[in-house]
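Asker: Quick one: sequence plus predicted model below, questions after.
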Amino acid sequence: MTPFKKAILQRLLVSIGIALLLGLVVSEGSFYLQRTQLDRMPDQFELLVPAGTADRIQAGLPVPSLPDNMTFVEGDIILVKNEDSVSHQLGPIWVPAGATGKLTLENPSSYTLTCSFQPSQRLGLEVRPRVTGAIRFQGLLAVAAPTSVLVMLYLLVIKPLPQKDPPKESVEE
């Protein structure tokens with residue numbers, strides 16, 4: 001390998017290394033600073049339907065209730081524990097009296113579910129996608145790729161490449 005090609009290869013590797021390091025600091029630093037309680041692994045949540053809920057709703061009385069909207073992460077599981085004397089519904093699950101129903105939130109989206117244990121008869125759920133390693137790696141690449149080009153250009157300005165060896169001319173006699 002000629003000294004010229006070797007110098008190009010060395011600078012390319014150095015610029016990629018510097019860019020990956022800077023990209024890691026920037027992307028992971030911004031992830032750390034902007035993370036929320038939703039940047040977590042899937043979890044299990046229990047919703048309790050207390051005894052007498054159906055009677056209170058039918059009588060038009062307020063009931064101890066959940067907020068109208070709740071936010072979850074893709075893969076979370078909602079367990080509906082029905083302590084009431086009648087069956088209740090939460091979206092696609094029907095929970096008989098004294099039983100527990102399970103709802104797995106698999107697809108990120110905003111949902112409005114039928115909810116028989118809410119005075120409004122509906123419950124809003126927002127399911128957000130999990131921040132996975134693949135998404136974080138994409139963030140690293142999005143920073144590192146253009147940075148490596150800029151670092152390579154800066155390295156060329158700071159220390160120019162060695163001149164190519166001039167071609168040897170044959171001497172004719």
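Answerer: Cool, the structure landed.

Asker: what's around residue 79, how many residues?
Answerer: Applying the criterion other Cβ atoms under 10 Å, we find 15 residues in the vicinity of residue 79. Placement of C-beta: from N, CA and C, glycine included.

Asker: so when I look at it, I'm seeing a strand, right?
Answerer: Yes - secondary structure assignment places residue 79 in a strand (DSSP: H, G, I helix; E, B strand; the rest coil).

Asker: domain ranges for the protein?
Answerer: For the chain, whose domains are defined here by automatic domain parsing, the residue ranges read 3-35+132-158, 44-128.

Asker: can you redo those as JSON lines with mean pLDDT?
Answerer: As requested, the domains of the chain are arranged in JSON lines below (pLDDT from 0 to 100):
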{"stretch": "domain 3-35+132-158", "mean pLDDT": "88"}
{"stretch": "domain 44-128", "mean pLDDT": "89"}
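
Asker: winner for burial among those?
Answerer: With neighbours taken as mean count of other Cβ atoms under 10 Å, those reach their highest mean count in domain 44-128, at a mean of 16.

Asker: From the chain's centroid, how far away is it?
Answerer: With Cα atoms, centre = their mean, to the nearest Å as the basis, the distance from the averaged C-alpha position of domain 44-128 to the chain average is 25 Å.

Asker: before we move on, what about stretch 129-144?
Answerer: The answer for stretch 129-144 is 8 Å, by Cα atoms, centre = their mean.

Asker: got the contact list for the residue nearest the centre of the chain?
Answerer: Against the mean C-alpha coordinate of the chain, by Cα atoms, centre = their mean, the closest residue is residue 131 at 1.8 Å. When contacts are counted by Cβ atoms under 8 Å, 6 or more residues apart in numbering, residue 131 touches 31, 35, 39.

Asker: Now with 10 Å, please.
Answerer: The neighbours of residue 131, taking Cβ atoms under 10 Å, 6 or more residues apart in numbering as the test, are 31, 34-36, 38-40, 73, 139.

Asker: What segments of this structure are helices?
Answerer: 3-34, 53-58, 133-158 (DSSP state H).

Asker: what's the longest one packed up against?
Answerer: Using 3 or more Cβ pairs under 10 Å, 6 or more residues apart in numbering; DSSP states H and E as the contact criterion, the secondary-structure elements in contact with helix 3-34 are helix 133-158.

Asker: For the helix it packs on, name the packing helices and strands.
Answerer: Helix 133-158 makes packing contacts with helix 3-34 when contacts are defined by 3+ Cβ pairs under 10 Å, 6+ apart.

Asker: In CSV: the domains of the chain, plus distance to residue 164.
Answerer: Below are the domains of the chain laid out as CSV (distance: least, Cβ to Cβ, whole Å):
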stretch, distance to residue 164
domain 3-35+132-158, 5
domain 44-128, 55
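
Asker: Kind regards, and thank you for your time.
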